[in-house]
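Engineer: turn this into a structure:
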Amino acid sequence: MAHNHIHIHKHEVKANNLVFSILLNLLITIAQIVGGIVSGSLALISDALHNFSDVISLVFSLVAHKLSRRKASINNTFGYKRAELIAAFINASTLVIVAFVLIYGAIERFFNPHPIQSGLVIWLAILGIVVNGLSVIFLKKDAEHNLNMKSAYLHLLTDMMASVAVLVGGLLMKFYHWFWMDSVMTILIAIYLIVVGIDLLKSSTKMLMLFTPDHIDIKEIVREVHKIPGVGKLHHIHVWHLNEEELHLEAHLDCSEDIKMTEFNDLLHNLEVVLFDKFGINHINIQPEFKKEDPKEFIVQD
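Structural biologist: Numbering: from 1, shown residues only. Model (predicted):
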């Protein structure tokens, strides 16, 4: 079975950005918990709990990032490249879980509102916006290239939005005494968490389950490969993400002629170029065949 891959330039994710974000979020979490207890604001405490879940998620993302950079070995032939996908899945799950906990608390508080020290809420919300805003800026570029970093980035982005919501609620409570806004803002924060959390959960689950990526059309791959001289039929095809940097394809290639191995190497090179240029597949594993009797379906479920 011929095995080949194309080396591509990889965006280097900076772990230092994660470390800095962890320290900032730990600081704001402590401040918001103390402030929420003193002021009596559920929205502030819920924002603090969300921040604390972010600290845990960021630490988990950092550990996964470190693991993913470990070298492969005989016992771990792929290394720990999928560690970041697991981190993204867990982080997405915590987003959804935290959201439902917040909704439960907000509904209970909505029917039993009480006066809140809005001044403290406002200042701590501003602090939350500044701290989370800085963290979002640090991780934005990494989030565009890495699902694990995207999960951490979304945690921080929703934190920043939550702090904005808490600030708006604090201002309304200060000037209009609408103390029920504390619960409303909490629910709005939670709904957004559910939306972004489920989307990230779906993406990470598809990668962990080795589903064909959404942007890949296997029939289109077959059409393009069949245009290459010397190709009989490409079949038994599987396409999946090992991680976000490596898109793999394995398949059987029925050659149109009984060619030499040196000729097959040239055919394999042409196949590799087409798959990379048109579909972004940078790692292929091909089993060559000539008039072998077996099913020639595009995909075979064993």
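Engineer: tell me how far Ile259 lies from Arg223.
Structural biologist: 22 Å (C-beta to C-beta, to the nearest Å). Backbone N, C-alpha and C define where each C-beta goes, glycine included.
Engineer: cool, and Ser39?
Structural biologist: 63 Å.
Engineer: in terms of neighbours, single out the busier of those two.
Structural biologist: Ser39 (25 against 11; other C-beta atoms under 10 Å).
Engineer: now do the one helix or strand His252 maps to, average pLDDT.
Structural biologist: For His252, the host element (DSSP states H and E) is strand 247-255. Across strand 247-255, the average pLDDT comes to 94.
Engineer: partners of it, with directions?
Structural biologist: strand 231-241 (antiparallel), strand 283-289 (parallel) (DSSP bridges).
Engineer: now do the longest helix along the chain and strand 231-241, the angle between them.
Structural biologist: Using DSSP state H, we find that the single longest helix of the chain is helix 147-176. Put simply, helix 147-176 runs at 40 degrees to strand 231-241, going by axes from the mean of the first three to the mean of the last three C-alpha atoms, to 10 degrees.
Engineer: quick one on the thing from earlier: can you tell me which of the strands paired with strand 247-255 comes nearest to Ala64?
Structural biologist: strand 231-241 (15.5 Å; C-beta to C-beta).
Engineer: where in the stretch 51-200 of the chain is pLDDT low?
Structural biologist: Across the stretch 51-200 of the chain, the ranges flagged by pLDDT under 70 are 113-116.
Engineer: and stretch 64-76, end to end?
Structural biologist: 15 Å (C-alpha to C-alpha, to the nearest Å).
Engineer: hmm, I was thinking of stretch 204-221
Structural biologist: End-to-end for stretch 204-221, by C-alpha to C-alpha: 24 Å.
Engineer: what are the buried residues along the helix or strand hosting Met185?
Structural biologist: Assigned by DSSP H and E, Met185 falls within helix 181-208. Of all the residues in helix 181-208, those buried under the rule 16 or more other C-beta atoms under 10 Å are 181-190, 192-194, 196-197, 200-201, 203-204, 206-207.
Engineer: could you chop this protein up by domain?
Structural biologist: Following automatic domain parsing, the chain resolves into domains at 2-208, 218-289.
Engineer: rebuild the ones you listed as a markdown table, extending it with distance to Pro295.
Structural biologist: Below are the domains of the chain laid out as a markdown table (distance: least, C-beta to C-beta, whole Å):
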| stretch | distance to Pro295 |
| --- | --- |
| domain 2-208 | 21 |
| domain 218-289 | 8 |
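Engineer: tell me the most buried of those domains?
Structural biologist: Comparing these by mean neighbour count (mean count of other C-beta atoms under 10 Å), domain 2-208 ranks first with a mean of 19.
Engineer: for the helix or strand harbouring Ile56, name the packing helices and strands.
Structural biologist: Counting by DSSP H and E, the element that carries Ile56 is helix 42-68. Secondary-structure packing of helix 42-68 (3 or more C-beta pairs under 8 Å, 6 or more residues apart in numbering; DSSP states H and E): helix 15-39, helix 83-110, helix 118-143, helix 147-176, helix 181-208.
Engineer: how about the contacts made by the residue of the chain most remote from its centre?
Structural biologist: Residue farthest from the centre of the chain, counting by C-alpha atoms, centre = their mean, is Asp258 at 45.1 Å. In this structure, Asp258 makes contact with Phe290, judged by C-beta atoms under 8 Å, 6 or more residues apart in numbering.
Engineer: how far away is it from Gly230?
Structural biologist: The gap separating Asp258 from Gly230 is 11 Å, by C-beta to C-beta.
Engineer: residues contacting the closest residue to Leu201 other than its chain neighbours?
Structural biologist: Excluding the flanking residues, the one nearest Leu201 by C-beta to C-beta, 6 or more residues apart in numbering is Ala92, at 4.0 Å. Applying C-beta under 8 Å, 6+ apart, one finds that Ala92 lies in contact with Ser151, Gly197, Ile198, Leu200, Leu201, Ser204.
Engineer: hmm, try it at 6 Å
Structural biologist: Counting by C-beta atoms under 6 Å, 6 or more residues apart in numbering, Ala92 touches Ser151, Gly197, Leu200, Leu201, Ser204.
Engineer: thought the last one was touching Asn91?
Structural biologist: In this case it means Ser204. No. With contact defined as C-beta atoms under 6 Å, Ser204 does not count as touching Asn91 (8.5 Å).
Engineer: which residues are common contacts for these two?
Structural biologist: Common neighbours of Ser204 and Asn91 (C-beta under 6 Å, 6+ apart) do not exist.
Engineer: what's the spacing between the residue positioned nearest the centre of the chain and Leu62?
Structural biologist: Among the residues of the chain, the one closest to the centroid is Leu147, at 3.1 Å (C-alpha atoms, centre = their mean). The gap separating Leu147 from Leu62 is 15 Å, by C-beta to C-beta.
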